[in-house]
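Undergrad: Structure, please.
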Amino acid sequence: MKLAPSILAADFSRLGVQVAEAERAGADRIHVDVMDGHFVPNLSMGAPIVASLRPVTRLPLETHMMISNPDLFLQEFADSGSDSFLVHWEGNVNLHRTVQAIRALGKRVGVAINPATPAAVLEEILPDVDQVLVMTVDPGFGHQHFLHSTLAKIRRVRQMIDRVKPGCDLEVDGGIDSETARLCVEAGANVLVAGSSVFGSNKSVSEAMSRLRAKGE
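TA: A predicted model of the protein is given here:
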């Protein structure tokens, strides 16, 4: 099981410190949520945040593009230090072209699907990606409650990956805590994105991550 702390829930006055603490605590990657107020009803961070984190951590910076027309911003984020991109199936004009554009930049690529999107849409694109992200909340905001109805979809995606692209990561994002982490891993996920339960708890980042890992494994 891999942990990808989401900086959306971090204290931005101490962002570099908290990311460094997450790295020392054994994080596998840092998850950067990018929102534009169009694809999702919220605004978050842009490429300058990625650039500011690049000297702070050796961990891969995973950029979750919850934006319209992600193709327009891939080069900027790549130049700023993004190591991988997650782009949404929903609303993408030409998903295959976007995936190939990310490949051309020499970056890892994944496809994300929202809770209401069926797993079947992944069938054709799965051979071309390194990971799949199943959203376990509707994207756009942190601090949401986990949608248990997504567990069946996680199982279906795991079966599809095992059949079509063994080795592809299956990541989940939204409402991940010590209890839902266990449920997701049991359903077949091997990468957990966690924001509030890592950066927003009353425990240290290290203690929070240790608890998540213990429950998930």
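
Undergrad: Would you tell me which helix is longest in this structure?
TA: The longest helix of the chain (DSSP state H) is helix 151-164.

Undergrad: Tell me where this structure has strands.
TA: 2-5, 30-35, 61-66, 84-88, 108-113, 131-135, 169-173, 191-194 (DSSP state E).

Undergrad: ranges for the helices of the chain?
TA: Going by DSSP H, the chain shows helices at 15-24, 47-53, 74-80, 95-104, 151-164, 178-187, 196-199, 205-216.

Undergrad: related to what we said a few turns ago, mind putting the strands of the chain into TSV with distance to Ala47 and mean pLDDT?
TA: (C-beta placed from N, C-alpha, C; glycine too.) Below are those laid out as TSV (distance: least, C-beta to C-beta, whole Å; pLDDT from 0 to 100):
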stretch	distance to Ala47	mean pLDDT
strand 2-5	19	97
strand 30-35	8	96
strand 61-66	9	97
strand 84-88	12	98
strand 108-113	18	98
strand 131-135	20	98
strand 169-173	20	98
strand 191-194	20	96
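
Undergrad: Out of those strands, flag the one nearest Gly16.
TA: strand 30-35 (11.1 Å; C-beta to C-beta).

Undergrad: Residues touching stretch 44-52, excluding its own?
TA: Stretch 44-52 has contacts (C-beta atoms under 8 Å, 6 or more residues apart in numbering) with 7-8, 15-16, 32-35, 61, 63, 73, 76-77, 79-82.

Undergrad: and the closest residue to His38 other than its chain neighbours, how many residues sit next to it?
TA: Excluding the flanking residues, the one nearest His38 by C-beta to C-beta, 6 or more residues apart in numbering is Ser68, at 4.6 Å. Neighbours of Ser68 under the rule other C-beta atoms under 10 Å: 16.

Undergrad: Ser68 contacts Val40, correct?
TA: No. Applying C-beta atoms under 8 Å as the test, Ser68 and Val40 come out as separate, 9.6 Å apart.

Undergrad: Enumerate every residue touching Ile67.
TA: Contacts of Ile67 (C-beta under 8 Å, 6+ apart): 34-36, 38-39, 73.

Undergrad: Can I have the buried ones of the residues you listed as a ChimeraX selection?
TA: To isolate the buried members of these in ChimeraX, using 16 or more other C-beta atoms under 10 Å:
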select :34,35,36,39,73
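
Undergrad: for the contacts of Ile67, which one is nearest Ser149?
TA: Phe39 (22.1 Å).

Undergrad: how much space is there between that closest one and Gly91?
TA: 6 Å (C-beta to C-beta, to the nearest Å).

Undergrad: what residues do the two have in common as contacts?
TA: By C-beta under 8 Å, 6+ apart, the residues touching both Phe39 and Gly91 are Ser68.

Undergrad: Would you check that Ala9 makes contact with His143?
TA: Yes. Assessed by C-beta under 8 Å, Ala9 is found in contact with His143 at 7.5 Å.

Undergrad: Settle it for me: which of those two has more neighbours?
TA: Each of Ala9 and His143 has its neighbours counted (other C-beta under 10 Å); Ala9 has more, 18 against 11.

Undergrad: ok, the nearest residue to that one once chain neighbours are set aside - contacts?
TA: Spatially, and ignoring its direct neighbours in sequence, Ala9 is nearest to Gly195 (3.4 Å; C-beta to C-beta, 6+ apart). Contacts for Gly195 (C-beta under 8 Å, 6+ apart) come out as 5-10, 31, 142-143, 176.
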